[in-house]
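**Student:** turn this into a model:
(chains A, B, C and D)
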Protein chains: 2
Amino acid sequence: MAKKRKVGNLLALAVLSYLTRAPMHPYELSRTLRDNDDVRSIRFNHGSLYMVVQQLAKAGFIVEQETTRAGQRPERTVYALTDAGRHELRDWLRELVEEPQHEYPHFVAALSLIAAIPPSEVVVLLGHRLGRLAELRAEIRDLIDTTIAKDVHPLFLIEEEYRLALLDAESTFVEQFIKKITHPKTGWGPLWATFHGEPAPAEERKQS
Amino acid sequence: MAKKRKVGNLLALAVLSYLTRAPMHPYELSRTLRDNDDVRSIRFNHGSLYMVVQQLAKAGFIVEQETTRAGQRPERTVYALTDAGRHELRDWLRELVEEPQHEYPHFVAALSLIAAIPPSEVVVLLGHRLGRLAELRAEIRDLIDTTIAKDVHPLFLIEEEYRLALLDAESTFVEQFIKKITHPKTGWGPLWATFHGEPAPAEERKQS
DNA sequence: TCTATCATGTAACCAGTTACATGATTTT
DNA sequence: AAAATCATGTAACTGGTTACATGATAGA
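**Tutor:** Have a look, this model is predicted:
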């Protein structure tokens, strides 16, 4: 069971992580996150960042260090990590690495209700999905290759490798699912079609 | 790009889906969802259900059909699907099946920041994760088998098969990652350790 | 019969997203 | 120099979760 964190938004984890390098103000954090492509892995938006920074400050994980203003720009508040913050970062990351979380991907939800679509249409949709999965795979592959070419160590791309692994597994699953529906002798298609008032199959089966 | 839905919570999709069978009141929906194990695939909690039902009604996807009270129980409002609701269900499900969504699993976030933990500790944590993944796999396998034994058609367990596929892919990935860190000649461990003030490796590499 | 748990709903709180605001740069 | 875009922050809105409330049934 995942521990209840004072600040639960994963964006906070990234903030703590970057503040280990040096104190920063929110905009600098924002820029760094975007430059490092962390926005691909951690849900980011402008408003949430400011909220999370406030929450971290209230929780004592970071402290306002100084307030500077350059020219007529709005004041920028620089935050620094506290010892409590350093500890929270370590503890939280450890938990995320060692303990798988129960999550709710959209495709799982779709699969759990997929019987509501007639099987002939489902195989078409799954075919489209396979195409999109292949496209996504190519994009990620390309991102990895061009980044490595800039001399970034592959350790900093490990999350993209993970995505590739999941994409491949999903593609394989979808292909097999299509076969389960369409297999000439044992396919689920005919039975499934009867849920939709389409022609009845030869033999009867039970449903839930 | 995913279309913007009037009601975006996936719980609403399940509600629409069950209302295709028969009109129901919220509590009955709640019970049905729990009985069918849909709560494993779609984030559920009591309060959200009532909210979602209200939203669906406001959007015109369902209508209040009648209000009954049995004994001294609170009044129960029965809702029925509208044509618009039937259409929304079809359209939404289609989209979820054919279009992969960009999502943000916790482990991806952890991987993107994992360099903040020293490599010797990471391999231990990854080892723990492998153990937990194996346990989860066994639980799901068991759930599938016992449900099939009750004569439920495997179509209604397809989302659990998908989960298995992802778990297996993740296990394989984690094993390979451990090897990448610990490989005697080419492992990332030594370089990585230098980020944490530990003994320097033989050759230099760049980081991001 | 007392206590616990179930059945059912509402309301208050909080986190996350979107929209707004405004000075500074850059482009045309 | 007008228009567009960037840099930076705040505020309002909305959706989701937690907590509260209360009658009914079942277990001890």
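**Student:** for chain A, just list every one of the strands.
**Tutor:** Remark: strands assigned in chain A by DSSP state E are A:62-68, A:76-81.
**Student:** out of these, deepest packed?
**Tutor:** Mean neighbour counts were compared across these using mean count of other C-beta atoms under 10 Å in any protein chain shown; the top stretch is strand A:76-81, at a mean of 18. Backbone N, C-alpha and C define where each C-beta goes, glycine included.
**Student:** is chain B contacted by that one?
**Tutor:** No: applying C-beta under 8 Å from any C-beta of the partner chain, one finds that strand A:76-81 is not in contact with chain B, the shortest distance being 11.6 Å.
**Student:** that strand versus strand A:62-68: what angle between them?
**Tutor:** Using axes from the mean of the first three to the mean of the last three C-alpha atoms, to 10 degrees, the direction of strand A:76-81 lies 150 degrees away from that of strand A:62-68.
**Student:** and the gap between residue A:64 and DNA strand D?
**Tutor:** Taking C-beta to the nearest atom of the strand, to the nearest Å as the measure, residue A:64 and DNA strand D are separated by 11 Å.
**Student:** repeat that for residue A:15.
**Tutor:** Spatial separation of residue A:15 from DNA strand D under the definition C-beta to the nearest atom of the strand is 13 Å.
**Student:** which residues touch that residue?
**Tutor:** The neighbours of residue A:15, taking C-beta atoms under 8 Å, 6 or more residues apart in numbering or on different chains as the test, are A:29, A:49, A:52, A:53, A:56, A:62.
**Student:** hmm, 6 Å instead?
**Tutor:** Shown here is residue A:15, whose contacts under the criterion C-beta atoms under 6 Å, 6 or more residues apart in numbering or on different chains are residue A:29.
**Student:** does the helix-or-strand element of chain A with minimal mean pLDDT reach DNA strand C?
**Tutor:** Sorted by mean pLDDT, DSSP states H and E, the helices and strands of chain A end with strand A:62-68, the least confident at a mean of 82. No: figure legend: strand A:62-68 not in contact with DNA strand C (C-beta under 7 Å from any atom of the strand); closest approach 13.9 Å.
**Student:** tell me which other helices or strands that strand touches.
**Tutor:** Using 3 or more C-beta pairs under 6 Å, 6 or more residues apart in numbering or on different chains; DSSP states H and E as the contact criterion, the elements in contact with strand A:62-68 are strand A:76-81.
**Student:** for the strand it packs on, which outside residues touch it?
**Tutor:** When contacts are defined by C-beta under 6 Å, 6+ apart, strand A:76-81 is touched by residues A:19, A:23, A:25, A:62, A:63, A:64, A:65, A:66, A:67, A:68.
**Student:** the third one - how many residues pack around it?
**Tutor:** Right, the one you point to is residue A:25. Using other C-beta atoms under 10 Å in any protein chain shown, residue A:25 has 18 other residues around it.
**Student:** from DNA strand C, how far off is residue A:57?
**Tutor:** In this view, residue A:57 and DNA strand C are 13 Å apart by C-beta to the nearest atom of the strand.
**Student:** let me fix that: residue A:123
**Tutor:** Between residue A:123 and DNA strand C the distance is 33 Å, computed by C-beta to the nearest atom of the strand.
**Student:** repeat that for residue A:78.
**Tutor:** Using C-beta to the nearest atom of the strand, one gets 18 Å for the distance from residue A:78 to DNA strand C.
**Student:** residue A:169 now?
**Tutor:** Looking at residue A:169 against DNA strand C, where the rule is C-beta to the nearest atom of the strand, the gap reads 26 Å.
**Student:** ok, that residue - contacts?
**Tutor:** The neighbourhood of residue A:169, defined by C-beta under 6 Å, 6+ apart, consists of B:165, B:166, B:169.
**Student:** go again using 7 Å as the cut-off
**Tutor:** Residues in contact with residue A:169 (C-beta atoms under 7 Å, 6 or more residues apart in numbering or on different chains) are B:165, B:166, B:168, B:169.
**Student:** select only the buried ones of those in ChimeraX?
**Tutor:** Below is the selection syntax for ChimeraX that covers the buried ones among the contacts of residue A:169, with 16 or more other C-beta atoms under 10 Å in any protein chain shown defining burial:
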select /B:165,166,169
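**Student:** helices of chain A, start to end?
**Tutor:** Per DSSP state H, chain A carries helices over the ranges A:10-19, A:26-35, A:46-59, A:83-98, A:106-112, A:119-149, A:158-182, A:189-194.
**Student:** may I see those organised as CSV, with mean pLDDT added?
**Tutor:** Below are those laid out as CSV (pLDDT from 0 to 100):
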stretch, mean pLDDT
helix A:10-19, 97
helix A:26-35, 92
helix A:46-59, 95
helix A:83-98, 97
helix A:106-112, 98
helix A:119-149, 97
helix A:158-182, 98
helix A:189-194, 95
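**Student:** looking at those helices, which is nearest to residue B:140?
**Tutor:** Taking C-beta to C-beta, helix A:106-112 is the member of these nearest to residue B:140, at 11.9 Å.
**Student:** does the closest one reach chain B?
**Tutor:** Yes: Helix A:106-112 lies within reach of chain B by C-beta under 7 Å from any C-beta of the partner chain, at A:106, A:107, A:108, A:109, A:110, A:111, A:112.
**Student:** which residues does residue A:108 contact?
**Tutor:** Under the criterion of C-beta under 7 Å, 6+ apart, the neighbours of residue A:108 are B:41, B:159, B:162, B:163.
**Student:** can I get these in TSV with distance to chain A and neighbour count?
**Tutor:** Shown next, in TSV, are the contacts of residue A:108 (distance: C-beta to the nearest C-beta, whole Å; neighbours: other C-beta atoms under 10 Å in any protein chain shown):
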residue	distance to chain A	neighbour count
B:41	4	24
B:159	4	21
B:162	6	22
B:163	7	23
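**Student:** gap between the spatially most central residue of chain A and residue B:19?
**Tutor:** In chain A, the C-alpha nearest the mean C-alpha coordinate belongs to residue A:41, at 5.6 Å (C-alpha atoms, centre = their mean). Residue A:41 sits 37 Å away from residue B:19 when distances are taken as C-beta to C-beta, to the nearest Å.
**Student:** again, but for residue A:89
**Tutor:** 46 Å.
**Student:** do residue A:103 as well
**Tutor:** When C-beta to C-beta is the yardstick, residue A:103 and residue B:19 sit 26 Å from each other.
**Student:** go on, residue A:112?
**Tutor:** Residue A:112 sits 16 Å away from residue B:19, taking C-beta to C-beta as the criterion.
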